[in-house]
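Asker: Return atomic coordinates for the entry below.
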Amino acid sequence: MTAAGKVLVLGPGQGTEFRIGPDRFRTKGDPSQRSTEFSVIEYEGAPGVPGPPPHVHRSFDEVWYVLEGEVTFVTESKQLEVGPGSYVRVPRGVPHTFRVTGKRPARWIGIFSPGKYVGLVEELGKVVPLTGPPNYAALRRLFAKYDSEILG
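Answerer: Below you'll find the model as predicted:
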């Protein structure tokens, strides 16, 4: 990591790595100086594994830019099959979920605005085990901490 003034450069493989079950992701940026405007993650989702339960974020927006693989995003009104080069914006207040639908892992860049809400995905690894179902009571509490709600 190189910082000069307010410029921060992270090379390939740099950042802080986290796991959510079999998925893994890396936050980009300096967590001690997290931007209030946005945060960025590089995410690798495993194929054949259910995504998060349908949920809604009340206070933040998400943007996904797919780099590799196939991902299905589901909202209240539509199901979107997306692949490399696809851009998906999920505004706050829109119920959604996603899952990797291809036979290989998928990779995407995720952007959270405001940036502090990336803490939700950072903390999910403590609630979602590598195998087996998560503790749904703990999952609901974690989502509530970040002004989000699991639906159904």
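Asker: distance between the longest helix anywhere in the chain and the chain's centre?
Answerer: Ordering each helix of the chain by length in residues (DSSP state H) puts helix 136-145 first. Relative to its chain's centre, helix 136-145 lies at 16 Å (Cα atoms, centre = their mean, to the nearest Å).
Asker: cool, and stretch 135-148?
Answerer: With Cα atoms, centre = their mean as the basis, stretch 135-148 stands 15 Å off its chain's centre.
Asker: For it, buried residues please.
Answerer: Within stretch 135-148, the residues scored as buried using 16 or more other Cβ atoms under 10 Å are 139-140, 142-143, 146, 148. Every C-beta, even on glycine, is put in place using the N, C-alpha and C of the backbone.
Asker: quick one on the thing from earlier: right, and the helix or strand after the longest helix of the chain?
Answerer: strand 148-150 (DSSP states H and E).
Asker: Following the chain past the helix or strand bottoming out on mean pLDDT in the chain, name the next helix or strand.
Answerer: Confidence across the helices and strands of the chain bottoms out at strand 2-4, with a mean of 48, counting by mean pLDDT, DSSP states H and E. Next helix or strand after strand 2-4 toward the C-terminus (DSSP H and E): strand 7-9.
Asker: so what strands line up beside that following strand?
Answerer: Applying DSSP bridges, strand 7-9 is found paired with strand 2-4 (antiparallel).
Asker: Which residue, neighbours along the chain excluded, lies closest to A106?
Answerer: Excluding its sequence neighbours, the residue lying closest to A106 (Cβ to Cβ, 6 or more residues apart in numbering) is G69, at 2.7 Å.
Asker: any idea how far that neighbour lies from G11?
Answerer: As defined by Cβ to Cβ, to the nearest Å, G69 lies at a distance of 23 Å from G11.
Asker: Which one of the two is surrounded by more residues?
Answerer: More crowded of G69 and G11, by other Cβ atoms under 10 Å: G69, with 20 against 8.
Asker: Provide the secondary structure category for F112.
Answerer: With DSSP: H, G, I helix; E, B strand; the rest coil as the basis, F112 sits in strand.
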